[in-house]
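Colleague: A predicted structure for the sequence below; I have some questions about it.
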Amino acid sequence: MTIPNGVDCAAFQAPRGAVRTELGLAETTRVVLFIGRLHWQKGPDVLVNAAARLVPLVRDVRFLFVGAGPMETRLRENVAGANLGSHVLFLGRRDDIPALLADADVLAVPSRWEGMPNALLESMAAGRPAVAARVGGCPELVVDGQTGLLVPPEDHAALAAALEKVLVRKVFAEEMGTAARERAKSNFTIDAMVDRNEALYDRILARTGR
């Protein structure tokens, strides 16, 4: 039996504007957010390759990479080599994830493998759609076409196409974000996680006669 993680939905209702002001981004700038270790597993290089395809199509897009890890130097080199420096920002480790999500248009989860990513749960709680690789627990969280979009892993072209779809179709993105938050509130709260754990212990104790 798999018990999904839970998220405190109330903790991810931050006001918009703080991060955009800090980074000098206009309200009309489209923001793609990545949260995670800069590690091969998480696929940040796939997102950089997707950015190279997407920037010519959505000129006002910015990619925010939040996190640190062993791939950072290589990623920075790839960004410079593709002339993406004005579109990609590496923000390092941050403790203001709710504010970052509030100012993002979409979360990108390009992982090569996953368990059940907390960043994806947090984006749902914040009412943001996600484009995620169809790996691990991501399909358990994202209802494809309703709360976000799923793409094949390591397919930067599919990732770019899905991100473009979310960024240029504002109403579609807003509807998915609203549905994502409702799904988080209905299925992935802290209380729901605790209840599932208690139910599991109750079944185990019943089997042992305790």
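Modeller: The structure has been received and is ready for your questions. Numbers count the residues shown, from 1 in each chain.

Colleague: all the helices of the chain, residue numbers only.
Modeller: In the chain, the helices defined using DSSP state H lie at 18-23, 44-54, 72-81, 97-102, 118-125, 138-141, 156-168, 170-187, 190-208.

Colleague: how far away from the center of its chain is the fifth one?
Modeller: Right, the one you point to is helix 118-125. 7 Å (C-alpha atoms, centre = their mean, to the nearest Å).

Colleague: now do that helix: which elements does it pack against?
Modeller: Helix 118-125 is packed against strand 30-35, helix 97-102, strand 106-109, strand 130-133, helix 138-141, helix 170-187, with contacts defined by 3 or more C-beta pairs under 8 Å, 6 or more residues apart in numbering; DSSP states H and E. C-beta here means a position set from N, CA and C on the backbone, and glycine is covered the same way.

Colleague: let's see 7 Å
Modeller: Secondary-structure packing of helix 118-125 (3 or more C-beta pairs under 7 Å, 6 or more residues apart in numbering; DSSP states H and E): helix 97-102, strand 106-109, strand 130-133, helix 138-141, helix 170-187.

Colleague: what do you get for the first one?
Modeller: Counting contacts by 3+ C-beta pairs under 7 Å, 6+ apart, helix 18-23 packs against helix 97-102.

Colleague: circling back to that earlier point, right, and the helices of the chain - which one's nearest Cys9?
Modeller: Cys9 sits nearest to helix 118-125 of all these, at 4.3 Å, using C-beta to C-beta.

Colleague: what comes up buried for the closest one?
Modeller: For helix 118-125, burial by neighbour count (16 or more other C-beta atoms under 10 Å) applies to Ala119, Leu120, Leu121, Glu122, Ser123, Met124, Ala125.

Colleague: quick one: pLDDT of the closest residue to the first one other than its chain neighbours?
Modeller: Sequence neighbours aside, Ile35 is the residue nearest to Ala119 in space, at 4.1 Å (criterion: C-beta to C-beta, 6 or more residues apart in numbering). Confidence at Ile35, expressed as pLDDT, is 98.

Colleague: thinking Ile35 is in contact with Val66, fair?
Modeller: Yes: with contact defined as C-beta atoms under 7 Å, Ile35 counts as touching Val66 (4.7 Å).

Colleague: where in this structure is pLDDT low?
Modeller: 1-4, 6, 189-206, 209-210 (pLDDT under 70).

Colleague: recalculate using a threshold of 90.
Modeller: By pLDDT under 90, the low-scoring segments of the chain are 1-9, 59, 115, 189-210.

Colleague: can I assume Ala157 is in contact with Ala52?
Modeller: No: using C-beta under 7 Å, Ala157 is not in contact with Ala52; the gap is 10.5 Å.
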